[in-house]
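*Asks:* Turn this into a structure:
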Amino acid sequence: MLFCFAPVAQWFNLMLPELKAIAQAQPYPLLFATVSGAHLYGFPSPDSDYDLRGVHVLSLPEVVGLNAGQETIEQSQLQGDLELDLVTHEIKKFMGLMLKKNGYVLEQLFSPLIVQTTPAHDELKASAPRCITRHHSYHYLGFAQTQWRLFEKEQPPKVKPLLYVYRVLLTGIHLMQTGAIEANLVTLNQQFQLSQIPDLIERKLQGGEQSTLTGSDLAFHQQEYHRLTQMLMEAGDRSHLPETATAQADLHDLLVRVRLAEV
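*Replies:* Numbers count the residues shown, from 1 in each chain. Predicted coordinates:
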C-alpha cells in the first residue's frame, strides 16, 4: 500500500497551494473543491493531470433573473508540464445529479483529497447516503463498458483505461454490497485481492500515462472484465439498497438556506 498512498499524499501536499489558487480564482463561491481522477483512484503517475471537481453557488440575481449564470464552469492552467483542471457544477445542478444514479458526483463529494470545504459540504455528504440506490449499479456498468471499449481499441493496449475498468467495477460492487462510496483501487483491492492490480498500478507509476500491456495479457483481462461485470450485475440484483432516493427534502432545505445566505 505504501507504494501508492505515500506518493499521492506527497504530491497532493506539494501541489495544494496551486490547487487552492485555482479554486480561489473561480468566479463564484465554492461549497467544496476536491481532487478526482487518478490521484483519487490511487494510481497517479508523475505525468498525471490534477482533476479538481466541486460545486459553486450562483448569486441570487443570476438564479431568478433573465441573465442566468453558468451551471458548469471549466478552468485550467499549466504548472510546468502538468495540467490542472477545475470543473464545478452549480449547487442545484449538482444536487440533481446526486438524486440520479450518478456515482461520479458522489465520488467527488466524498473525495478525501479536499482542496476547499464549507459546512454545506458536510451537509451534502450527510444527505448523500440517502441518494444511493441499487440502480447506481447501472452507472458503473455503463462506465466500465465505455472504458473497456477504449482499452480494446487502442494499439498497443494501455494500462490506464484498464485500471479504470477495474476501479469502476470494484467501486460498483463495493457500493452495492455496502452502500459506501470507495473510489481508491488500492483500498478496494484489500477486499477483492486481485493479484493483477498491484502490477498494473506499478506499471502505470513507472511508465506514466502512456504505459502499455503485452498482447499475452489481453485474454486474461477480458475474462476478468466479464467475470467482474457479472459480479456487479448480481450484486445489484441482491443489493439491499433502496429503489429510490429519499434525500430530496433535505437537499431542498439546504439549497434554500444556501441561496438565502447569498442575499
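*Asks:* can you pull the contacts of Thr229?
*Replies:* By C-beta atoms under 8 Å, 6 or more residues apart in numbering, the contact list for Thr229 reads Leu141, Ala144, Gln145, Leu169. C-beta here means a position set from N, CA and C on the backbone, and glycine is covered the same way.
*Asks:* Pull the number of nearby residues for the nearest residue to the first one once chain neighbours are set aside.
*Replies:* If the residues on either side of it in the chain are set aside, Leu141 comes closest to Leu232, at 6.0 Å by C-beta to C-beta, 6 or more residues apart in numbering. A count of nearby residues for Leu232, using other C-beta atoms under 10 Å, gives 24.
*Asks:* and Leu232, what element?
*Replies:* If you go by DSSP states H and E, Leu232 is part of helix 218-238.
*Asks:* likewise Glu107?
*Replies:* Going by DSSP H and E, Glu107 is in helix 103-110.
*Asks:* can you pull the buried residues of the next helix or strand after that helix?
*Replies:* As assigned by DSSP H and E, the chain's next helix or strand after helix 103-110 is strand 114-116. The neighbour-count check on strand 114-116 (16 or more other C-beta atoms under 10 Å) flags Val115, Gln116 as buried.
*Asks:* try stretch 223-236
*Replies:* Glu224, Tyr225, Leu228, Thr229, Met231, Leu232, Met233, Ala235, Gly236.
*Asks:* With pLDDT and distance to Gly179 added, can I get those in CSV?
*Replies:* Converted to CSV, the buried residues of stretch 223-236 look like this (pLDDT from 0 to 100; distance: C-beta to C-beta, whole Å):
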residue, pLDDT, distance to Gly179
Glu224, 97, 25
Tyr225, 97, 25
Leu228, 98, 19
Thr229, 98, 21
Met231, 98, 17
Leu232, 98, 15
Met233, 98, 18
Ala235, 98, 12
Gly236, 97, 12
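*Asks:* Return the distance of the residue nearest to Leu141 relative to Leu97.
*Replies:* 21 Å (C-beta to C-beta, to the nearest Å).
*Asks:* same question, Val105
*Replies:* Val105 is 5 Å from Leu97, by C-beta to C-beta.
*Asks:* Mind listing the shared neighbours of those two?
*Replies:* With C-beta under 8 Å, 6+ apart as the test, Val105 and Leu97 both reach His89.
*Asks:* Now do the contacts for Leu169.
*Replies:* By C-beta under 8 Å, 6+ apart, the neighbours of Leu169 are Tyr140, Ala144, Tyr225, Leu228, Thr229, Met231, Leu232.
*Asks:* please redo it, this time with the cut-off set to 7 Å
*Replies:* Residues in contact with Leu169 (C-beta atoms under 7 Å, 6 or more residues apart in numbering) are Tyr140, Ala144, Leu228, Thr229, Leu232.
*Asks:* Let me know the pLDDT of it.
*Replies:* On pLDDT, Leu169 comes in at 98.
*Asks:* measure it to Phe43 for me?
*Replies:* 15 Å.
*Asks:* go on, Lys125?
*Replies:* From Lys125 to Phe43 the distance is 24 Å (C-beta to C-beta).
*Asks:* Looking at these two, which one has more neighbours?
*Replies:* Phe43 (27 against 15).
*Asks:* Surely the more buried one is in a strand?
*Replies:* No. Under the criterion used here (DSSP: H, G, I helix; E, B strand; the rest coil), Phe43 is coil, not part of a strand.
*Asks:* just checking, it touches Pro161?
*Replies:* No. Phe43 is beyond contact range of Pro161, at 11.8 Å (criterion: C-beta atoms under 7 Å).
*Asks:* tell me the contacts of the residue nearest the centre of the chain?
*Replies:* In the chain, the residue lying closest to the centroid (C-alpha atoms, centre = their mean) is Glu107, at 4.1 Å. Listed by C-beta under 7 Å, 6+ apart, the contact partners of Glu107 are Ser36, Leu40, Ile181, Ala183.
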